[in-house]
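Student: sequence unknown, structure follows:
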């Protein structure tokens, strides 16, 4: 007989408990498309769908040890408890697209969809060292709780993997969410009793081993090197509960076009995460190091975030973004007097994200704002715009009733800023 780890229990210890099974993954609450698919999805309503990671199983208890005779037969220690299983991951509460898909999505309404990470499993208890019912011998160690190693939960509505080409028109995505909470009664295993008692297991949540969990995109997530063209799309009331992109999240080097879109009432966390990796920002949209982005005739309103409540750009390797004929109103990153910045837009070209005193990278990140309106946005730094090591040009634009401790209209750090007005009246800042 051999225990689960392949050792001979008679020679070493009583059999160990088995590790709990890891939770399964949940992808695509309504639809799932394999790589290179080119689906045409039209005239659909998708609501109340979920993609939820499976719960990790509990670790098994270690077997009881055997007392020796005190002379020729040594004590056989109790077996160790098995570790709890890891939580399952999830993505795409409504739809999941593998890499390099080319979907065309038209006249589709998605609402009240969600994704959630599974629960981690409890550790098994270590076996007692005394098979006679006492507290002698050597107790086994308790098992650890499961963790979230490599876990992510992205896209309450639609997940597009790397290299996707997305065309979306006349659609709405509303009230979709990400849940990352661990709500079950998971506990580490206790050590077995004995003259030498076993050690209790580790609570991975208590020591921060859940910190590898990340969640991006309350509505949509776009993988690296994707291209997205959105026309007349409304993204409203969505939330990412742990990390960036309350409405949308674009991974590195994406090329994006938003035309006639409404990005409204979306939220990313208004506090830095106590568990989980990554940072926070981009209540409406978060773009991680975009190749290029264009926004035309869009309304970006009443979004909230710790950084960049309307739109957050992390332009670490350059890139360009252009806003034309857009309206930004009521976006709020008024959270922390010394940390929050960019009520409507934050754009940075820094080697470390979210650091206003870091050094610029090369080439520069370039942003143009033309014929746009910024009204009643608020943040401690840059009520409307906060730029960090950016080449910014503002033309024919109006800033009214924006609020900040530093720069109600614009706060610029290490940036090259040009403001001009070719209209009959001058820009108001």
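Tutor: Structure's in. What do you need? Since the model is a prediction, treat every value here as computed from it, not as a measurement. Numbers count the residues shown, from 1 in each chain.

Student: please name the nearest non-neighbouring residue to residue 99.
Tutor: residue 161 (4.2 Å; CB to CB, 6 or more residues apart in numbering). Every residue, glycine included, has its C-beta placed from N, CA and C.

Student: do I have it right that that neighbour meets residue 101?
Tutor: Yes. At 7.3 Å, residue 161 counts as touching residue 101 under the criterion of CB atoms under 8 Å.

Student: shared neighbours, these two?
Tutor: residue 35 (CB atoms under 8 Å, 6 or more residues apart in numbering).

Student: in stretch 189-203, which residues are buried?
Tutor: For stretch 189-203, the neighbour count (16 or more other CB atoms under 10 Å) marks 189-194, 197-198, 200-203 as buried.

Student: out of these, which is nearest to residue 330?
Tutor: residue 203 (41.8 Å; CB to CB).

Student: contacts only, for that closest one.
Tutor: So residue 203 contacts 144-145, 187-188 (CB under 8 Å, 6+ apart).

Student: now it: how far from residue 83?
Tutor: Counting by CB to CB, to the nearest Å, the gap from residue 203 to residue 83 is 12 Å.

Student: correct me, but residue 384 touches residue 401?
Tutor: No. Judged on CB under 8 Å, residue 384 makes no contact with residue 401 at a distance of 9.9 Å.

Student: circling back to that earlier point, among the contacts of residue 203, who's most crowded?
Tutor: residue 145 (31 neighbours; other CB atoms under 10 Å).

Student: any idea how far residue 163 is from that residue?
Tutor: Counting by CB to CB - residue 145 and residue 163 are separated by 36 Å.

Student: same question for residue 19.
Tutor: Relative to residue 163, and taking CB to CB, residue 19 is found at 35 Å.

Student: likewise for residue 258?
Tutor: 20 Å.

Student: of these two, give the one with the bigger neighbour count.
Tutor: Remark: of residue 258 and residue 163, residue 258 carries more neighbours, 27 against 17, as counted by other CB under 10 Å.

Student: now do the strands in the stretch 201-350 of the chain.
Tutor: Assigned by DSSP state E, counting those that start in this stretch, the stretch 201-350 of the chain shows strands spanning 220-222, 227-236, 248-250, 255-259, 262-264, 285-288, 292-296, 299-301, 311-314, 320-324, 327-329, 345-348.

Student: show me the shaky parts of the stretch 251-400 of the chain.
Tutor: 271-279, 336-338, 350-363 (pLDDT under 70).

Student: where along it do the helices fall?
Tutor: With DSSP state H, counting those that start in this stretch, there are no helices along the stretch 251-400 of the chain.

Student: the closest residue to residue 121 other than its chain neighbours and residue 15, how far apart?
Tutor: In this structure, residue 121 finds its nearest non-sequential neighbour in residue 84, 3.0 Å apart by CB to CB, 6+ apart. Relative to residue 15, residue 84 is positioned 18 Å away (CB to CB).

Student: by contact count, what packs against the helix or strand hosting residue 45?
Tutor: According to DSSP states H and E, residue 45 maps onto strand 40-47. Strand 40-47 is packed against strand 104-111, with contacts defined by 3 or more CB pairs under 8 Å, 6 or more residues apart in numbering; DSSP states H and E.

Student: list the neighbouring strands of the strand it packs on plus their orientation.
Tutor: strand 40-47 (parallel), strand 165-174 (parallel) (DSSP bridges).

Student: so what strands line up beside the next helix or strand after it?
Tutor: Using DSSP H and E, the helix or strand that directly follows strand 104-111 along the chain is strand 114-116. Strand 114-116 has the following strand partners under DSSP bridges: strand 50-52 (parallel), strand 177-179 (parallel).

Student: the helix or strand following strand 114-116 pairs with which strands, parallel or anti?
Tutor: Note on strand 114-116: by DSSP H and E, the next helix or strand toward the C-terminus is strand 153-154. Strand 153-154 has the following strand partners under DSSP bridges: strand 90-91 (parallel).

Student: average pLDDT across the strand it pairs with?
Tutor: The average of the pLDDT scores along strand 90-91 is 91.

Student: identify whichever of the strands paired with strand 104-111 lies nearest to residue 224.
Tutor: Per CB to CB, nearest to residue 224 of the strands paired with strand 104-111: strand 165-174, 13.2 Å.

Student: run the chain-centre distance for the closest one.
Tutor: 21 Å (CA atoms, centre = their mean, to the nearest Å).

Student: quick one: it to strand 227-236, angle?
Tutor: Using axes from the mean of the first three to the mean of the last three CA atoms, to 10 degrees, the direction of strand 165-174 lies 0 degrees away from that of strand 227-236.

Student: run through who's touching strand 165-174.
Tutor: Residues outside strand 165-174 that contact it (CB under 8 Å, 6+ apart): 100-112, 157-158, 160, 219-220, 222, 226-238.

Student: repeat that for 7 Å
Tutor: Strand 165-174 is contacted from outside by 102-111, 157, 160, 219-220, 222, 226-238, using CB atoms under 7 Å, 6 or more residues apart in numbering.

Student: do stretch 61-77 as well
Tutor: Contact partners of stretch 61-77, identified using CB under 7 Å, 6+ apart, comprise 13-17, 78-81, 124-132, 136-138, 140, 192.

Student: can you give me the end-to-end span of it?
Tutor: Using CA to CA, to the nearest Å, one end of stretch 61-77 lies 14 Å from the other.

Student: in it, what counts as buried?
Tutor: For stretch 61-77, by 16+ other CB under 10 Å, it's 61-67, 75-77.

Student: what average pLDDT does that stretch get?
Tutor: Averaged over stretch 61-77, pLDDT sits at 80.

Student: follow-up on the earlier one: please work out which of the strands paired with strand 104-111 is packed deepest.
Tutor: Of all the strands paired with strand 104-111, strand 165-174 carries the top mean neighbour count, a mean of 19, counting by mean count of other CB atoms under 10 Å.

Student: okay, now residue 412: neighbour count?
Tutor: 17.

Student: that one is in what secondary structure piece?
Tutor: Judged by DSSP H and E, residue 412 forms part of strand 410-413.

Student: that strand: partners in the sheet, and parallel or antiparallel?
Tutor: Counting by DSSP bridges, the strands paired with strand 410-413 are strand 385-388 (parallel).

Student: so how far is residue 17 from the closest residue to residue 202 other than its chain neighbours?
Tutor: Closest residue in space to residue 202, ignoring its immediate chain neighbours: residue 144 at 4.3 Å, by CB to CB, 6+ apart. From residue 144 across to residue 17, the span is 12 Å (CB to CB).

Student: hang on, the earlier thing: redo the strands paired with strand 104-111 as a markdown table? Include distance to residue 317 and mean pLDDT.
Tutor: Output for the strands paired with strand 104-111, formatted as a markdown table (distance: least, CB to CB, whole Å; pLDDT from 0 to 100):
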| stretch | distance to residue 317 | mean pLDDT |
| --- | --- | --- |
| strand 40-47 | 33 | 97 |
| strand 165-174 | 22 | 98 |
